[in-house]
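*Asks:* dropping a prediction and its sequence here:
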Amino acid sequence: MITLIKSQCINVVTPIQLILYKMATEMATEMNSGYQHLSESVYIGLCRHVGTSKQLIMRRQILDVRELIENQCKTHDPRRPQIYLYTSGSHREGFRLAGSDRDFMYWVSDHKVIWGLSQVQNYTSDRYVLILADDNESPPGFSVLKLFTPTYWNQIARSCIKIRDDIFISSSLFREEFCSTIMPNSNVHGPCGSGTFGRVEYDYAHCFSCDIWPPVAMQWIERSLHWPSPEVVHKIIQNGCHFVPIGHKLSKHENLQWRISFSLAEQQLVYHMNHCQFLTYGLLKLFLKEVINKDTEKKLLCSYHMKTSVFWVIQQNTIPHWNPQNLLQCFWTCFKVLLKWVYLGVCPSFFIPENNLFQSSIHGAAQANLFQRLYGFYEKGVGSLLQSLTVKPFMLKVLQQPNEPVCTDENRVVSEVDYDILLFKEIFEVATLGNCDIQKCLRYLSALDDLKSTSFTEYQLLCLENILAISLQTMAFLLSNHNTVQTRKNKLQHKIDKVSCNMLKTASSIGFVSNSIFLAMYWYKTSRYEKALVLLEKVKVKLTCPYILYCLYVDDRWYLHALSDQTLSLKMREAVTWNIKLYNSIPYVQELRPEQADSKEENLATLNIPPVVMVLFLQYLCSRHADTEKTLEILREFQALLESDHSIYVPSVLKDISWELLGICHQVSENYENAFNCYLQSIKQVPLTNQIRTASYNRAQEMIAHMGRIHDQHGQDRGPLH
């Protein structure tokens with residue numbers, strides 16, 4: 001079979017590609033300085049593209065504390081049982097590769113799976129719903145679940161099928177019931193509900209948790225002599241496993257069966273890889289996406305197979321030294337393991353080797369074709385990595401300058417400024433509440449209060465500060481709106497107003513520079529225009545200082561001169577700003593309600609506005625009431641800002657909302673022609689972030705109607721002779 005396939009593996013390549021393949025392969029097959037330089041260059045390139053070990057720690061710690069807050073928040077909701085959230089997949093592992101989706105798992109805390117009747121005594125019957133796993137007649141890695149004690153959860157009850165005297169929970173019925181529970185209109189994809197929220201693709205799986213390590217996976221414990229450490233093995237066993245709703249595709253009981261999931265265990269294993277091992281995993285993912293699966297209709301191999309190969313190679317101690325000088329050998333060893341698996345048609349699950357991950361997908365003609373493709377890469381050697389658009393530049397650098405030394409010091413790979421940018425971007429992205437009401441805000445604040453005596457890392461404290469600031473901001477505006485709608489008693493109104501102001505002042509003292517804009521927004525909303533103008537001027541000075549870090553832009557020289565070696569907390573308060581996020585479910589400024597409604601209609605949780613644009617918008621609105629002489633000056637400044645093609649304060653993805661806000665300024669001053677032109681500019685932008693085009697169209701139509709009425713009125717005033 002191999003001889004036949006090898007004869008068909010001749011690919012058409014250019015002469016220069018053949019030379020590069022030969023050079024790269026020769027370097028990688030000889031233990032010399034050239035081989036080491038090639039590995040080191042790829043290692044450094046991957047540190048920049050995938051992340052340094054310091055960046056991975058930062059990303060993981062921030063996600064860990066975000067998840068902790070979410071789960072802690074749920075304990076403060078007495079209306080329903082606690083549903084645990086677990087962020088899984090490559091994002092949780094620390095990857096930030098383009099095109100990656102977000103993976104989540106949810107499970108009800110009081111529904112527990114047990115493996116035998118002897119384990120019933122571990123749970124009090126009045127607090128837990130018990131589910132009995134039975135894998136006797138299921139393929140390895142799968143089990144049926146029997147409802148042992150009654151469930152109060154209607155969706156779970158509707159997922160049950162009675163067979164003789166047993167009540168089974170059907171995985172297929174369960175999937176249908178829970179597919180759109182978290183996100184409406186999701187589609188079933190494997191065991192998950194799948195879809196797109198805004199511009200992010202997601203997969204989430206409702207599952208059941210089991211505190212006991214599966215008997216079928218006991219052999220893994222005995223096998224774990226070299227890796228991971230005994231402490232990690234103990235932690236993994238203590239976490240147990242989960243059951244996700246999908247059966248074995250080749251089983252006649254597929255609709256009843258559940259797959260045993262080791263997602264928490266796999267996360268611990270990835271967390272305890274050294275950095276070379278993690279980058280090997282990342283290199284395999286890139287090679288899979290950019291080379292193996294490129295231009296193929298049916299993608300038979302997936303990232304999970306790559307991860308499984310790395311796990312096996314590490315545990316079997318095949319490679320004695322995982323280091324930068326050895327990275328390509330590590331990659332090649334894992335690739336050969338994959339090649340062998342495809343040839344045999346067997347990919348053994350890391351925890352349950354008897355579970356063949358290829359059994360239902362890689363066999364027959366598909367298996368032969370895949371092996372043929374992989375063997376073609378094998379014949380070219382590590383030079384095949386030159387087909388990866390990401391990895392190719394890392395290799396060419398050394399191939400073109402073989403005697404140039406390569407520095408593998410991670411601290412010199414990413415500058416202090418670039419590291420800060422990526423850190424604050426991570427914090428901004430996770431510090432969000434979603435659709436929020438007063439009760440949810442109270443739960444967040446209570447959860448944060450409960451954790452105040454807990455020990456956290458510097459990264460986690462920064463994240464918590466921002467979540468606290470957003471919770472206070474959101475709570476203040478929710479109370480304000482509730483105050484306006486529900487309350488008529490002056491004393492209570494005054495008390496709510498005072499609480500809201502104090503919350504916003506506290507939020508302004510922590511987190512990003514732009515947090516103060518919410519206090520100014522509140523003062524505008526409550527007709528305190530002069531106070532708002534004073535604050536807005538101070539904020540504008542800060543936002544336009546030369547060392548400000550806004551989104552992905554900063555002047556490195558100024559930033560380092562002003563803030564080098566300062567604490568991250570001080571940097572964030574004094575020199576970091578991000579976009580203003582207005583939750584579409586909350587009215588902040590009456591003038592923006594159409595844009596928020598349009599954004600909400602497009603399934604977006606927030607409306608995003610550049611901070612300098614928001615400052616100018618509020619300055620204009622306040623000046624109309626407190627300092628009318630300045631309105632024209634503000635409009636000119638606003639117009640000049642948007643007409644500057646190289647403005648660092650207005651990202652191209654937010655030009656639409658920026659022109660929209662300038663148009664609203666003209667509209668409220670009844671300058672309808674200028675307003676129309678601004679709305680037209682907004683419509684011309686590519687709607688990448690906010691999706692406000694319908695609101696822009698409606699406003700433009702309204703301006704046309706206004707101009708038409710003025711024109712008609714002007715014609716009547718001039719009389720018939722004119």
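*Replies:* Perfect, thanks for sending it. Fair warning: this is a prediction, and the values are worked out from it, not measured in the lab. Residues are numbered from 1 along each chain as shown.

*Asks:* now Ala365: which helix or strand?
*Replies:* Here Ala365 sits within helix 364-380, counting by DSSP states H and E.

*Asks:* which residues of the stretch 601-722 of the chain score low on pLDDT?
*Replies:* Low-confidence segments of the stretch 601-722 of the chain, defined by pLDDT under 70: 645, 714-722.

*Asks:* hmm, who's touching stretch 53-67?
*Replies:* 51, 85-87, 91-94, 96, 271, 275, 278, 410-411, 414, 419, 422-423, 426-427, 430-431, 456-457, 459-460, 463-464, 467 (Cβ atoms under 8 Å, 6 or more residues apart in numbering). From N, CA and C alone the C-beta is placed, and that goes for glycine too.

*Asks:* list the buried ones in that stretch?
*Replies:* By 16 or more other Cβ atoms under 10 Å, the buried positions in stretch 53-67 come out as 54-56, 58-67.

*Asks:* and the contacts of stretch 53-67, which of them are buried?
*Replies:* Listed as buried from these are 51, 85-87, 91-94, 96, 271, 275, 278, 410, 414, 419, 422-423, 426-427, 430-431, 456, 459-460, 463-464, 467; burial here means 16+ other Cβ under 10 Å.

*Asks:* coming back round to it: in helices only, show me the buried residues of stretch 53-67.
*Replies:* 54-56, 58-67 (DSSP state H).

*Asks:* that older thread, after the helix holding Ala365, next one along is what?
*Replies:* Next element after helix 364-380 (DSSP H and E): helix 392-400.

*Asks:* name the helices or strands packed onto that next one?
*Replies:* helix 15-29, helix 33-49 (3 or more Cβ pairs under 8 Å, 6 or more residues apart in numbering; DSSP states H and E).

*Asks:* ok so, going back, any chance of a markdown table for the ones in helices among the buried residues of stretch 53-67, columns distance to Gly511 and pLDDT?
*Replies:* Shown next, in a markdown table, are those (distance: Cβ to Cβ, whole Å; pLDDT from 0 to 100):
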| residue | distance to Gly511 | pLDDT |
| --- | --- | --- |
| Lys54 | 23 | 96 |
| Gln55 | 21 | 97 |
| Leu56 | 24 | 97 |
| Met58 | 17 | 97 |
| Arg59 | 19 | 97 |
| Arg60 | 21 | 97 |
| Gln61 | 18 | 97 |
| Ile62 | 14 | 96 |
| Leu63 | 18 | 95 |
| Asp64 | 20 | 95 |
| Val65 | 15 | 94 |
| Arg66 | 15 | 94 |
| Glu67 | 20 | 94 |
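
*Asks:* need those residues in CSV with distance to Ser480, can you?
*Replies:* Below are those laid out as CSV (distance: Cβ to Cβ, whole Å):
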residue, distance to Ser480
Lys54, 41
Gln55, 39
Leu56, 41
Met58, 35
Arg59, 35
Arg60, 37
Gln61, 34
Ile62, 30
Leu63, 32
Asp64, 33
Val65, 29
Arg66, 27
Glu67, 30
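
*Asks:* ok, so of these, who is nearest Asn603?
*Replies:* Arg66 (21.8 Å; Cβ to Cβ).

*Asks:* quick check: Leu582 touching Thr606?
*Replies:* Yes: with contact defined as Cβ atoms under 8 Å, Leu582 counts as touching Thr606 (6.1 Å).

*Asks:* mind listing the shared neighbours of those two?
*Replies:* In contact with both Leu582 and Thr606: no residue, using Cβ under 8 Å, 6+ apart.

*Asks:* picking that back up, worst average pLDDT in the helices and strands packed on helix 392-400?
*Replies:* For the helices and strands packed on helix 392-400, mean pLDDT drops lowest on helix 15-29, to a mean of 54.

*Asks:* next one: phi and psi at Ile226?
*Replies:* Careful, residue 226 is His; it's not Ile. Dihedral pair for His226: phi -90, psi -30, per degrees, to the nearest 10.

*Asks:* the nearest residue to it once chain neighbours are set aside: neighbour count?
*Replies:* Leaving out its chain neighbours, the residue that sits closest to His226 by Cβ to Cβ, 6 or more residues apart in numbering is Asn317, at 4.7 Å. Here the count is done by other Cβ atoms under 10 Å, and Asn317 has 10 residues near it.

*Asks:* tell me the confidence at Asn317?
*Replies:* 91.

*Asks:* how far away is it from Leu225?
*Replies:* Per Cβ to Cβ, to the nearest Å, Asn317 is found 9 Å from Leu225.

*Asks:* distance check, Ser170 against Asn136.
*Replies:* Applying Cβ to Cβ to Ser170 and Asn136 gives a distance of 18 Å.

*Asks:* and the two? which has more neighbours close in?
*Replies:* Per other Cβ under 10 Å, whichever of Ser170 and Asn136 has more neighbours is Ser170, with 22 against 6.

*Asks:* Glu254 is in contact with the more buried one, correct?
*Replies:* No: Ser170 is not in contact with Glu254 according to Cβ under 8 Å; the separation is 10.2 Å.

*Asks:* please pull out the lowest mean pLDDT helix or strand from the chain.
*Replies:* helix 2-7 (a mean of 37; mean pLDDT, DSSP states H and E).

*Asks:* so Met183, which of the three states?
*Replies:* coil (DSSP: H, G, I helix; E, B strand; the rest coil).

*Asks:* from what I can see it touches Tyr204, true?
*Replies:* Yes: using Cβ under 8 Å, Met183 is in contact with Tyr204, at 7.2 Å.

*Asks:* what's the overlap in contacts for the two?
*Replies:* Taking Cβ under 8 Å, 6+ apart as the criterion, Met183 and Tyr204 both touch Gly193.
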